[in-house]
Structure formats: structure tokens, C-alpha cells
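**Q** Mind folding the following:
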Amino acid sequence: MNKHTMSLAATAVAALVLAGCGTTSERTSDEPQAQNSKQCKGADGKYVIGMSQANVAEPYRQRMDDDIKAAAAEVPQFEVKFADAAQDNAKQVADVENYITQQIDLLIISPNEAKPLTAVVKKAYDQGIPVLVLDRKVEGDAYTGFIGGDNVQIGTEAGKYVAEKVLPNGGNVVEIKGLAGATPQAERNQGFATGIKANPKVKVVATASGDWLREKGQAQMDALLKANPKIDVVYAHNDPMAEGAYLAAKAVGREKEMKFIGIDALPIPSGGIKAVEQGRLTATFTYPTNGKEAIAAAKKLLVDCGTIEKTQTLPTRLIDKTNAAQIYAQENPTG
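**A** Have a look, this model is predicted:
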């Protein structure tokens, strides 16, 4: 091969290498996104984070926003913008589109429902915006990291607690589910069904959807009470719906006939830990808001130019009358 031919071959190879690297901010869906992307300017940079919240009607979600705000206040490089989708998938899609247009440095999202939010989350990710998904999932893996509890495990723990501790001799359970289409709803249902298998005498006799809201949980429980003369346990997918169910039962004088179990265990006066301590709920299971962890992950990506795990699973624990007061004091020392 003469020198001229060798030179042409080398040029062609170099061109192919450059083409393979890509020169735009777009990426194909099967390419892994570099986590420490163009957004990372180190400690001297300033970063705008967009937080897209499914709704703030649930106390859990308001607490998540509050925890993100408090954690971000400790990182001088961060400015966080908040958007409330108010349980409207179309609005949440528009909120994320707006953040993309604003060219934010990182997106945090807790999706209202998985499927309707998947495409716009992927769009942000494909444009090089790191994406942290909290609590509720999207379909596929076009995001930088997911942070949340293991909802199957939480449901399983709740089911075992009912089967072994609350109803060792069996009994009737009604289940008040969260919003259909939100991944925690399906996973908490699946886990509970697995957990109660430990006791074949425990039966789920009716279910209803309370959409995570206290008022809807109360309305659904009112109908369940009329249709079911014997209810031993109410398993609700979050504490507000469990409290709503308790209020419905109390209104007809049946609250002492049954036990009420929820999930979230917020350490606030209106939260599940206090409800257990005061006797309205028999038990709840902690479900971290992920806010502090999300900001820590954002700092690692944007300020430290580091990497994070694709999935960060946070633990749960049972709160009942034996530990409610102690845990509330630990989590909320101001009272």
C-alpha cells in the first residue's frame, strides 16, 4: 500500500470514529447516557433543577417537595423550580415539556401514572438532561436513576402483619387502593396478596380505589361498609385513605369492629405515625419521600461530576403502638 493510499485509509477511519462519537445532544435510545454529561460544571457552576410533582393534595407529596426544598437549600449551586400536575397526566407532560424548553440542568419527576409520562421523560433524557424518577416509575429505562421504596416488599410486609399478627385466626379484609396506573398501587396490591398467603383463612372480600385521597377513601369506605356486614381489617395503600376509612366507620359506629392499616408514616401532626400513636390506625409502614436522597444524587451528578446507581431502594419499617411515640420523637423533635 503506497503512502497516498494509507493516508486516505487513515482519514476514512478517523471519519468513522468521529461519526460514531456523535456530534449532537440527541442520542439514540439504545445508547447509554453518560451521567456526568455537559450539565456538570463542578462546584463553580449554577444549576436549575425542575421538580415535576404528580400532585400536592397528598400530604406525602407535599412533604416530598418540602424535603427537596430543604435539602437543596444546603447546596448553594442549586435553584429548584416546582410544578404541580394536580393528578393530571396531560398537565404533567406539559410541565416537563416546559422544563425541557427552559433547558434545565436536571429533571426530578414523581410521575402521576407510568405509561402517559414515559415518552416525555425519555425525551428529556434523550436530550442529555439527567432524570431522577422518584417513588412512582415510568416504563422502560430511559432515565438516569430511580429512587424509591420497594412497594412489593412494603405490601408483603403489610400482608404478613395482617395474616400473622392481626388476624391469626383469619378474617375479612377490604383493600382501598391508590390511583390505577400508578406503579405503587399495583405493587402494594401484589405484595399484600403474597403476604396474606401465610394464612389461608384471611380473605380480601372487597376492593375499591381511593386515588390516594382521604376524602375519596372515606367515600369508598362508606360504600364498602354498606355492602359488607363483617370487616375485620382495612388495608389502605396510604395513610390518608386509611384515615378516611376510619372516619367512615366511626360515622356509623363500626370503627371498633376493625383495624386500619396504612402506608407512608409521615412524621407530621396529621401523618400516619401520630394516627397510630392516637389509636386511629393500628399500624403503618414507613415510605421515605426520597427528597433528601434526590438532591444528594443531583449534587453527585452536577457538582461532583460523579455517577449514581440506576436504582436506589430505600427501606421500610413497621410502626405500631409499641414504637410510634418513640419514632415520632426521633423523626420530628420539634413536635
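
**Q** Surely residue 238 and residue 216 touch.
**A** No - the criterion here is C-beta atoms under 8 Å, and residue 238 misses it with residue 216 at 11.3 Å. Placement of C-beta: from N, CA and C, glycine included.

**Q** Of these two, which one has the most company?
**A** residue 238 (30 against 18; other C-beta atoms under 10 Å).

**Q** any idea how far that one is from residue 139?
**A** 23 Å (C-beta to C-beta, to the nearest Å).

**Q** Show me which positions of stretch 158-178 end up buried.
**A** 158-163, 166-167, 171-178 (16 or more other C-beta atoms under 10 Å).

**Q** Please state the offset of that stretch from the chain centre?
**A** 24 Å (C-alpha atoms, centre = their mean, to the nearest Å).

**Q** CA atoms of that stretch as PDB?
**A** Only the C-alpha atoms of stretch 158-178 are listed here, as PDB (Å, rounded to 0.1, in the frame of the first residue of the first chain):
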ATOM      1  CA  ALA A 158     -48.300  -5.400  55.500                       C
ATOM      2  CA  GLY A 159     -49.900  -8.700  54.300                       C
ATOM      3  CA  LYS A 160     -47.700 -10.800  56.700                       C
ATOM      4  CA  TYR A 161     -48.500  -8.500  59.500                       C
ATOM      5  CA  VAL A 162     -52.300  -8.900  58.900                       C
ATOM      6  CA  ALA A 163     -52.000 -12.700  58.400                       C
ATOM      7  CA  GLU A 164     -49.800 -13.400  61.400                       C
ATOM      8  CA  LYS A 165     -50.300 -10.700  64.000                       C
ATOM      9  CA  VAL A 166     -53.700  -9.000  63.400                       C
ATOM     10  CA  LEU A 167     -55.800 -11.900  62.100                       C
ATOM     11  CA  PRO A 168     -54.000 -15.100  63.200                       C
ATOM     12  CA  ASN A 169     -57.400 -16.900  63.200                       C
ATOM     13  CA  GLY A 170     -58.400 -15.500  59.900                       C
ATOM     14  CA  GLY A 171     -60.900 -12.800  58.900                       C
ATOM     15  CA  ASN A 172     -62.200 -10.400  56.200                       C
ATOM     16  CA  VAL A 173     -60.100  -7.700  54.700                       C
ATOM     17  CA  VAL A 174     -61.200  -4.800  52.500                       C
ATOM     18  CA  GLU A 175     -58.400  -3.100  50.400                       C
ATOM     19  CA  ILE A 176     -58.600   0.600  49.400                       C
ATOM     20  CA  LYS A 177     -56.200   1.000  46.500                       C
ATOM     21  CA  GLY A 178     -54.300   4.000  45.200                       C
END
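
**Q** hang on, isn't residue 196 packed against residue 163?
**A** Yes - contact criterion C-beta under 8 Å: residue 196 and residue 163 qualify, at 4.7 Å.

**Q** Give me the common contacts of these two.
**A** residue 202 (C-beta atoms under 8 Å, 6 or more residues apart in numbering).

**Q** Helices of the protein, residue ranges please.
**A** Assigned by DSSP state H, the helices in the chain fall at 3-21, 59-72, 89-101, 114-126, 151-161, 183-195, 214-227, 239-251, 272-277, 291-302, 324-331.

**Q** For residue 108, find the nearest of those helices.
**A** helix 291-302 (5.3 Å; C-beta to C-beta).

**Q** contacts for that closest one?
**A** Contacts for helix 291-302 (C-beta under 8 Å, 6+ apart): 35-36, 39-41, 45, 47, 49, 63-72, 74-75, 77-78, 105-106, 108, 130, 132, 134, 144-145, 147, 306-308, 312, 314.

**Q** Which of the residues you listed are buried? Put it as a PyMOL command.
**A** Of these, the buried ones go into a single PyMOL selection, burial set by 16+ other C-beta under 10 Å:
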select buried, resi 35+39+40+47+49+63+64+65+67+68+71+72+75+77+78+105+106+108+130+132+134+144+145+147+308+312
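
**Q** Among the contacts of helix 291-302, which are located in strands?
**A** When DSSP state E is applied, those are split such that 47, 49, 78, 106, 108, 132, 134, 145, 147, 312, 314 fall in strands.

**Q** for these, which one is nearest residue 200?
**A** residue 314 (32.0 Å).

**Q** Just list whatever residues bridge to that closest one.
**A** residue 149 (DSSP bridges).

**Q** For residue 257, find the nearest of the helices of the chain.
**A** Closest among the helices of the chain, using C-beta to C-beta: helix 239-251, at 7.4 Å.
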